[in-house]
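[1] sequence and computational prediction follow.
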Amino acid sequence: MLTADITQPTFPTIHPPTNDPRQRVDRKNAEGIIVAVQSVFHKVAKLQERLAPFYEEFGFRCPSAGVAARDVSERIELAIIQHCRDFSKGHGHADLARQGEDWEVKVCQHSGLTINQSKVIARENYIVVNYESKDSRVERIWILWHADDHDFSPRRSNSNARFLSWKRAQLTGRIQLLYQADSQS
């Protein structure tokens, strides 16, 4: 089941990659992104509660957040546009646009960022939502600024995905942490 802790989050100190105020996601937009993510996860939790009995009746497990991730990320994109004055619909393959830059929304299990192996990364900005697979609770919302191809694991012939761990992402110096769930929740 997806669950959303809609209690008042504690905001970590924001460390944007530069002191340029045009790039920084300010507190108001950070709060808008958090509200957008929590709202979508809350809706999916309600949906899963209603659908679970039907899946079980026919011998299936209810789909996890990972299965619903593409739709969830599209809902989050729309909610971010609704709640954040600086974001608009992206152009081409970009999910969102802000101040002339491309932004992508990624919903990823556990603590990192996974992308398609064929994706060529060229300074995109990612809003990453990490959720815990056990209860599909939002664990962390963070931004990776100006991602580069070398930030991610190498391409492999037997895999369709590349990964950036949370630990390695922090080492890039281009992270803005927007939300961290209380570890005791």
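    It's in.
[2] from now on I want contacts and neighbour counts done on CA atoms only, so please keep to that.
    Will do.
[3] tell me where this structure has strands.
    88-89, 96-98, 101-109, 113-116, 122-132, 137-148, 161-164, 175-180 (DSSP state E).
[4] can you list these in CSV and add mean neighbour count, distance to V25 and mean pLDDT?
    Formatted as CSV, these follow (neighbours: other C-alpha atoms under 10 Å; distance: least, C-alpha to C-alpha, whole Å; pLDDT from 0 to 100):
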stretch, mean neighbour count, distance to V25, mean pLDDT
strand 88-89, 17, 14, 96
strand 96-98, 20, 10, 94
strand 101-109, 22, 12, 91
strand 113-116, 17, 19, 90
strand 122-132, 21, 11, 90
strand 137-148, 21, 9, 92
strand 161-164, 17, 22, 90
strand 175-180, 22, 8, 93
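[5] ok, which of those comes nearest I76?
    strand 101-109 (7.6 Å; C-alpha to C-alpha).
[6] neighbouring strands - and their directions - for the closest one?
    Strand 101-109 sits in its sheet next to strand 96-98 (antiparallel), strand 122-132 (parallel), going by DSSP bridges.
[7] closest to V107 out of the ones you listed?
    Minimum separation from V107 across the strands paired with strand 101-109 (C-alpha to C-alpha) falls at strand 122-132, 4.7 Å.
[8] how far out from the middle of the chain is that closest one?
    Distance of strand 122-132 from its chain centroid, counting by C-alpha atoms, centre = their mean, to the nearest Å, is 5 Å.
[9] now it - C-alpha only, CSV.
    Provided in CSV are the C-alpha atoms of strand 122-132 (Å, rounded to 0.1, in the frame of the first residue of the first chain):
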residue,chain,number,x,y,z
ALA,A,122,23.2,16.3,-20.7
ARG,A,123,22.7,18.7,-17.7
GLU,A,124,19.1,17.8,-17.0
ASN,A,125,17.7,18.5,-13.6
TYR,A,126,15.9,15.7,-11.8
ILE,A,127,13.2,15.8,-9.1
VAL,A,128,13.6,12.4,-7.5
VAL,A,129,11.0,10.8,-5.3
ASN,A,130,12.3,7.8,-3.3
TYR,A,131,9.8,5.5,-1.7
GLU,A,132,10.2,2.5,0.5
